[in-house]
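In: dropping the sequence and predicted coords here.
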Amino acid sequence: MIKKVIISACLLGENCRYDGKAKVDNSILQKYKNYEIIPFCPEAPLFGTPRQRISIVQIDGKNRVITDETNEDVTQKLKDEINSFIAKFPDVKEIVLKSKSPSCGVGSTPILDENKIFLKYGSGIASEIFKQVYKDVKIKDELNYLE
């Protein structure tokens, strides 16, 4: 059976980032060439590409996903999209996500206060959900996928 790896779609060359661009990383493609690669982007199917940026904003001690321009709370929409994705792919061996992303960052995502002032670094919403569901899977980003 071929091992499965979830990889942020923008790292695979898909133009799905908020600005309509990709962040292709050919070394990741090379490392996982013998895996079944499962592209992942929870934002593009919901909000289109390009789209307004989103940020992780801490409100009453909880991280929420808020659109930068319209201040819409899209946390539940993203959770639903991420959980729907997970249901389709219960058996994966590795996960490589885009650093700093409000969806995918692994300890590198800026967490803002309600005035959108930087508080600390944390993880994106998908990264957090993946940690809960894929308990035995190492979740990495493109900066540390070789570890």
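Out: Cool, the structure landed. Numbers count the residues shown, from 1 in each chain.

In: these two touch, right, residue 31 and residue 146?
Out: Yes - distance between residue 31 and residue 146: 7.3 Å, which falls inside the contact criterion (C-beta atoms under 8 Å). All C-beta atoms are positioned from the backbone trio N, CA, C, and that covers glycine.

In: between the two, who's got more neighbours?
Out: Summary of the neighbour comparison: residue 31 and residue 146, criterion other C-beta atoms under 10 Å, with residue 31 having more neighbours (16 against 9).

In: nearest residue to that one in space, please, no chain neighbours.
Out: Counting by C-beta to C-beta, 6 or more residues apart in numbering, residue 145 is the residue found nearest to residue 31 once chain neighbours are left out, at 6.8 Å.

In: so where does the one you found fall, helix or strand?
Out: In the assignment (DSSP states H and E), residue 145 maps to no helix and no strand.

In: that one and residue 121, how far apart?
Out: Using C-beta to C-beta, to the nearest Å, residue 145 is found at 18 Å from residue 121.

In: which one of these two has more residues nearby?
Out: Neighbours were tallied for residue 145 and for residue 121 using other C-beta under 10 Å; the higher tally belongs to residue 145 (20 against 13).

In: shouldn't that one be in contact with residue 97?
Out: No - if you go by C-beta under 8 Å, residue 145 and residue 97 don't touch, sitting 9.2 Å apart.

In: quick one: the helices in the chain?
Out: Secondary structure of the chain (DSSP state H): helices at 26-31, 43-47, 75-88, 125-133.
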